[in-house]
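Colleague: pasting the sequence and the predicted model now:
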Amino acid sequence: MIGRAQIPEEVGRYALLAIALTYLIGLVAMPLLVVFAEALSKGIGPYLSALREPNALAAMRLTLLTAAITVPLNLVFGVMAAWAIAKFEFRGKNLLITLIDLPFAISPVIAGLVYVLVFGAQGWFGPWLIEHNIHIIFAVPGIVLATTFVTFPFVARELIPLMQSQGNEEEETALSLGANGLQSFFLVTLPNIRWGLLYGVLLCNARAMGEFGAVSVVSGHIRGLTNTLPLHIEILHSEYNFVGAFAAASILALLALVTLTAKALLDMRHPELRAGLARHG
């Protein structure tokens, strides 16, 4: 009887595993293979030429520049917000948590539209900005603002549950031994959250480089100036330049694979990190 009961259980387990693998292959592995197959469909020469094209290079530079500005800003904000929420009690704490979660609830397109309504030519500050020759919408500052908005929850949301699970005992001990607030943070808190911080930065960076909706609204789609890689891919695909579009997409795919590999290595090296985030998230 026991053997008969174990057989259906094993069959069910393997069936679920097969379904999960089929799902992952169909929705993740196959699209990645198609991207690289289409990018190299006419050979390595056209592929490299598409990547060396001036508009493609400009899109790559703008994507990297946006991430280079956005990620450090969100790193500083995320650490400060998580430290305040996890370590202190203050009036407005729930409001701050709600504001951090706001980008998860709002469509990126709506976020981009809000920036246009505020900083655009017909927006609240538009006439003043035009008068002082300050360009935000259809320029790099607007792209950075939109990307910062849609990515700023990632670092904070990784650190808040981690800090809450660690408690305040070590910081209180450091303070009792004569350390001030900054010394307690840099010598005790920061070392304890370094892997969670790196995890949040990886997710923030991946989203910053792949953001499309909000950036599409505020960029103006100016070739060589305000097109990030996702926007450049869309334009090339709409023009039936499939080799160029998939070549640019392969760069984003490679960046995504690097991010996933780093994330997997963190999970393998520090499984307690994800376990703690799952329990307290």
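Modeller: Thanks, I have it.

Colleague: the nearest residue in space to Leu159 that is not next to it in sequence: helix or strand, and which one exactly?
Modeller: Excluding the flanking residues, the one nearest Leu159 by C-beta to C-beta, 6 or more residues apart in numbering is Ala82, at 3.6 Å. Just so you know, the C-beta spots here come from the backbone N, C-alpha and C atoms, and that holds for glycine as well. Under the criterion of DSSP states H and E, Ala82 resides in helix 54-87.

Colleague: next structured bit after that helix?
Modeller: helix 93-105.

Colleague: pull the distance from the helix holding Ala82 to the chain's centre.
Modeller: 9 Å (C-alpha atoms, centre = their mean, to the nearest Å).

Colleague: list the buried residues of it.
Modeller: Buried residues in helix 54-87, defined by neighbour count with 16 or more other C-beta atoms under 10 Å: 55-56, 58-60, 62-63, 66-67, 69-71, 73-75, 77-79, 81-87.

Colleague: go on, stretch 228-246?
Modeller: 228-236, 241-246.

Colleague: touching it from outside, list them.
Modeller: With C-beta atoms under 8 Å, 6 or more residues apart in numbering as the test, stretch 228-246 has contacts from 35-36, 38-39, 41-42, 46-47, 50, 53, 55-56, 59-60, 62-63, 66, 143, 209-212, 215-216, 219, 221, 223, 227, 248-249, 251-252.

Colleague: stretch 62-75 now?
Modeller: By C-beta under 8 Å, 6+ apart, stretch 62-75 touches 140, 143-144, 147-148, 151-152, 154-155, 197, 200-201, 204-205, 208-209, 215, 225-229.

Colleague: hmm, try it at 7 Å
Modeller: 143-144, 147-148, 151-152, 154-155, 201, 204-205, 208-209, 227-229 (C-beta atoms under 7 Å, 6 or more residues apart in numbering).

Colleague: what helix or strand does the residue nearest to the spatial centre of the chain sit in?
Modeller: For the chain, the residue nearest the mean C-alpha position is Arg207 (2.5 Å; C-alpha atoms, centre = their mean). Applying DSSP H and E as the criterion places Arg207 in helix 190-210.

Colleague: can you check Asn133 too?
Modeller: Using DSSP H and E, no helix or strand contains Asn133.

Colleague: just Arg157 next, same as before
Modeller: Assigned by DSSP H and E, Arg157 falls within helix 153-166.

Colleague: whichever helix or strand comes after that helix packs against which elements?
Modeller: Remark: after helix 153-166, the chain's next helix or strand is helix 169-176, criterion DSSP H and E. Judged by 3 or more C-beta pairs under 7 Å, 6 or more residues apart in numbering; DSSP states H and E, helix 169-176 is in contact with helix 181-184.

Colleague: chain center to the helix it packs on, what's the gap?
Modeller: 29 Å.

Colleague: the residue nearest to the centre of the chain and Thr151 touch, don't they?
Modeller: Yes: counting by C-beta atoms under 7 Å, Thr151 is a contact partner of Arg207 at 4.8 Å.
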